[in-house]
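Visitor: Pasting a predicted model and its sequence here:
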Amino acid sequence: MVSSRSAIFSGAGFVFIGIVIEMGLSFFGQLIIARELGRVSYGAVSIGTTVLTFGVTITILGLNTGLARNISRAGSNIEERTMLNSALVIAGLTSLTGAVVLYATSPTLAVNVFGDGSLTPILRLFAVVLPVAVLFRVSLGGIRGYSMTRGRIYAQNITLPVSRIVGIAVAILLGGGALAVAGAYTFAYIIAAAVAFGVLIRHTPIGTGAVSSYREQSHSLLSYSLPLILSTSMTRIYTQADVLLLGASSVGTGGVGVYRVVYPLAGLLTTSSLALGYIYLPEVSSLHDEDNIEEIRSLFKLTAKWITIAGLPIILAFLTIPREILTLLYGQEYTSGAVTLQVVSIGFFLSIAAGPNAKTLMAFGETRYVAVVDTITAATNVVLNLLLIPQLGILGAGIATVISYVVQNMLYSGRIYYKNKLSPLSWGMVIPTGICLAFGFGILLVDSVQGLSTSVRVGGYLIALGTVVLVSTFVSIGDPEKEMISEVFSRIRGLY
């Protein structure tokens, strides 16, 4: 029983370090762009990267997630090789087609959708790198399927952000603008894709050799991954459509620049969730294959508790001192996003507090249900954005995000509870969370009524943080954690 937990949490420990490195470097790169280029140029780069993300999502056909799940269920090296080769060929053809379409339509998108012809070369540059970005994601899917944590860290968490920040630094030092920074993103994807594909070639049976039926393996992959096209496309819509809709509205690229500072900041709440989720999917998929639902229930509750507790210091900071955070990091130009930061961070926190419900549904093979829920979520998000952005600007986009996350997680969590009695709630999670939110909203309420100085709000944050840490230490750590920590340390010592 402990082995599954320790496999996830020890693996997640390495992934967490990798994600912290990646997010730290990405954050630093974003900081440089936002400060040096200003809101408008940063907004232009953000629109370009968002379009690239949509292109990757559509043309990859969900094959990266399909590999992560199906490789662990393959019966032989021959089946694995056939599966890997099939995924690369299919994704290569679709991404090349997508690149041609995006390149040809870039002028139309720039002028008629975003109202800014200067976006054309940026969009075309990202069109050229689209197949490379897809190769990178498919390779990561294969790496994930083999649970090669270090390979993933080298490729995604180190190579990609390091290459990107080096490119950004060179572009800024040479006096380049938005197009030069977009070139830095392109450079980073090329280097990272080479590393990820190299790991795949070296450590998997990919390439030449005996193969099974390509038709059979392609059907197996696509029957699982095709619904994910809709699901992941809808995910991109409800996480990034607000950027495109803001860019097409009167808010313009300047508003996009502020929003693209706020949204990734709030996204820091998902750091521990991303780390655990990376290991969680293949591990729970194996447990489900063994019909070990009791272990899955225990693992789900444990995972939900610790990703929530890990997010408490961050949500508390965003609720109590958002203006100070934005001023310190980005300057006065971006403080108009303070309230939006508070709102969006609430949406992210509610999402992680619900536990890894989407990953669980995917491990159970319920990709069609995930696709339906994500479609509903995306539709909700787009409608709310269309209604709220003209009235409230970036705050309207933030409110739309929160409501969309609530709808999504109610549908996800309702499904896994109804069918498998999986719930994220435990006293070890509820008590620290309740104390944290009581402090946070209390400070927020008093500040809105009479105004508090920065020193008072910072002091309140530190007191609340200390209280949460103490309570979590005494309430949340039980025998399962102690046993798991002991085994994790044994595993780590065994590596050296």
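Guide: Yep, that arrived. Numbers count the residues shown, from 1 in each chain.
Visitor: For the rest of this, base every contact and every neighbour count on C-alpha atoms.
Guide: Will do.
Visitor: Show me the helices in the stretch 201-350 of the chain, by range?
Guide: For the stretch 201-350 of the chain, the helices defined by DSSP state H, counting those that start in this stretch cover 214-248, 252-266, 271-289, 293-320, 322-330, 338-353.
Visitor: So which bits of the fourth one are buried?
Guide: Right, helix 293-320. 293, 295-320 (16 or more other C-alpha atoms under 10 Å).
Visitor: now do the fifth one
Guide: Of the residues in helix 322-330, those scored as buried under the neighbour-count criterion (16+ other C-alpha under 10 Å) are 322-326, 330.
Visitor: Tell me the helices and strands packed up against that helix.
Guide: helix 2-59, helix 338-353 (3 or more C-alpha pairs under 8 Å, 6 or more residues apart in numbering; DSSP states H and E).
Visitor: and the angle for the longest one with helix 322-330?
Guide: Same thing as helix 2-59. Interaxial angle, helix 2-59 versus helix 322-330 (axes from the mean of the first three to the mean of the last three C-alpha atoms, to 10 degrees): 70 degrees.
Visitor: Helix 2-59 versus helix 252-266: what angle between them?
Guide: Using the same axes, to 10 degrees: helix 2-59 against helix 252-266 is 170 degrees.
Visitor: re the thing from before, could you dump the helices of the stretch 201-350 of the chain into JSON lines with mean pLDDT and distance to residue 133 added?
Guide: As requested, the helices of the stretch 201-350 of the chain are exported to JSON lines (pLDDT from 0 to 100; distance: least, C-alpha to C-alpha, whole Å):
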{"stretch": "helix 214-248", "mean pLDDT": "71", "distance to residue 133": "16"}
{"stretch": "helix 252-266", "mean pLDDT": "87", "distance to residue 133": "20"}
{"stretch": "helix 271-289", "mean pLDDT": "76", "distance to residue 133": "19"}
{"stretch": "helix 293-320", "mean pLDDT": "88", "distance to residue 133": "29"}
{"stretch": "helix 322-330", "mean pLDDT": "88", "distance to residue 133": "29"}
{"stretch": "helix 338-353", "mean pLDDT": "94", "distance to residue 133": "26"}
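Visitor: right, and those helices - which one's nearest residue 146?
Guide: Proximity to residue 146 (C-alpha to C-alpha) singles out helix 271-289 among these, at 8.8 Å.
Visitor: picking up where we left off before, flag whichever of the helices and strands packed on helix 322-330 has the least confidence on average.
Guide: Note on the helices and strands packed on helix 322-330: lowest mean pLDDT is at helix 2-59, with a mean of 79.
Visitor: Tell me how far that one lies from the chain's centre.
Guide: Mean C-alpha position of helix 2-59 versus that of the full chain (C-alpha atoms, centre = their mean, to the nearest Å) differs by 7 Å.
Visitor: following it, which helix or strand comes up?
Guide: Downstream of helix 2-59, the first helix or strand assigned by DSSP states H and E is helix 63-70.
Visitor: Now do the helix or strand that comes right after that next one against helix 2-59: the angle between them, please.
Guide: Under the assignment DSSP H and E, the closest C-terminal helix or strand after helix 63-70 is helix 77-108. Computed by the same axes, to 10 degrees, the angle separating helix 77-108 from helix 2-59 equals 40 degrees.
Visitor: name the helices or strands packed onto helix 77-108?
Guide: helix 2-59, helix 63-70, helix 120-145, helix 214-248.
Visitor: Kindly recompute the last result at 7 Å.
Guide: If you count contacts as 3 or more C-alpha pairs under 7 Å, 6 or more residues apart in numbering; DSSP states H and E, helix 77-108 packs onto helix 2-59, helix 120-145, helix 214-248.
Visitor: okay, now the residue lying closest to residue 308 once chain neighbours are set aside: neighbour count?
Guide: Closest residue to residue 308 apart from its sequence neighbours, by C-alpha to C-alpha, 6 or more residues apart in numbering: residue 353 at 5.2 Å. Number of residues near residue 353 (other C-alpha atoms under 10 Å) recorded here: 23.
Visitor: for the helices of the stretch 201-350 of the chain, which one sits closest to residue 203?
Guide: helix 271-289 (17.8 Å).
Visitor: Return the backbone torsion pair for residue 60.
Guide: phi -80, psi -10 (degrees, to the nearest 10).
Visitor: That one: what's it in contact with?
Guide: 91, 95, 134 (C-alpha atoms under 7 Å, 6 or more residues apart in numbering).
Visitor: Would you format those as TSV with neighbour count included?
Guide: As requested, the contacts of residue 60 are exported to TSV (neighbours: other C-alpha atoms under 10 Å):
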residue	neighbour count
91	23
95	26
134	29
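Visitor: Using pLDDT, spot the least trustworthy of the residues you listed.
Guide: residue 91 (90).
Visitor: I'd like the distance between the closest residue in space to that one that isn't next to it in sequence and residue 187.
Guide: Distance criterion C-alpha to C-alpha, 6+ apart; nearest residue to residue 91, sequence neighbours excluded, is residue 60 at 5.3 Å. Here the criterion is C-alpha to C-alpha, to the nearest Å. By it, residue 60 lies 20 Å from residue 187.
Visitor: same thing with residue 459?
Guide: In terms of C-alpha to C-alpha, residue 459 sits 44 Å off from residue 187.
Visitor: the more surrounded of these two?
Guide: Neighbour tally, residue 459 and residue 187, criterion other C-alpha under 10 Å: the higher count belongs to residue 187, 18 against 13.
Visitor: Now that one: which helix or strand?
Guide: Here residue 187 is assigned to helix 178-203, by DSSP H and E.
Visitor: how far off helix 120-145 does that helix point, in degrees?
Guide: Going by the same axes, to 10 degrees, helix 178-203 makes 20 degrees with helix 120-145.
Visitor: Now do helix 178-203, average pLDDT.
Guide: pLDDT averaged over helix 178-203 gives 93.
Visitor: returning to what we had before: pick the most buried one from the helices and strands packed on helix 77-108.
Guide: Mean neighbour count (mean count of other C-alpha atoms under 10 Å) peaks for helix 120-145 among the helices and strands packed on helix 77-108, with a mean of 25.
Visitor: Next one: the closest residue in space to residue 153 that isn't next to it in sequence from residue 30, what distance?
Guide: In this structure, residue 153 finds its nearest non-sequential neighbour in residue 18, 5.3 Å apart by C-alpha to C-alpha, 6+ apart. Going from residue 18 to residue 30 by C-alpha to C-alpha gives 18 Å.
Visitor: buried ones in the helix or strand encompassing residue 380?
Guide: According to DSSP H and E, residue 380 maps onto helix 367-392. For helix 367-392, the neighbour count (16+ other C-alpha under 10 Å) marks 367-382, 384-386, 388-390 as buried.
Visitor: I'd like to know which elements it is packed against.
Guide: helix 214-248, helix 394-420.
Visitor: Let's have the ones you listed in CSV, adding distance to residue 51.
Guide: Formatted as CSV, these follow (distance: least, C-alpha to C-alpha, whole Å):
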stretch, distance to residue 51
helix 214-248, 8
helix 394-420, 18
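Visitor: Look up how far residue 32 lies from the residue nearest to residue 153.
Guide: For residue 18, the distance to residue 32 - C-alpha to C-alpha - is 21 Å.
Visitor: I'd say the residue nearest to residue 308 and residue 306 touch.
Guide: No - here residue 353 lies out of contact with residue 306, judged by C-alpha atoms under 7 Å, at a distance of 9.3 Å.
Visitor: residue ranges with poor pLDDT in the stretch 351-496 of the chain?
Guide: 473, 476, 478-496 (pLDDT under 70).
Visitor: which residues does residue 151 contact?
Guide: 143, 199.
Visitor: quick one: it from residue 142, how far?
Guide: Residue 151 is 10 Å from residue 142, by C-alpha to C-alpha.
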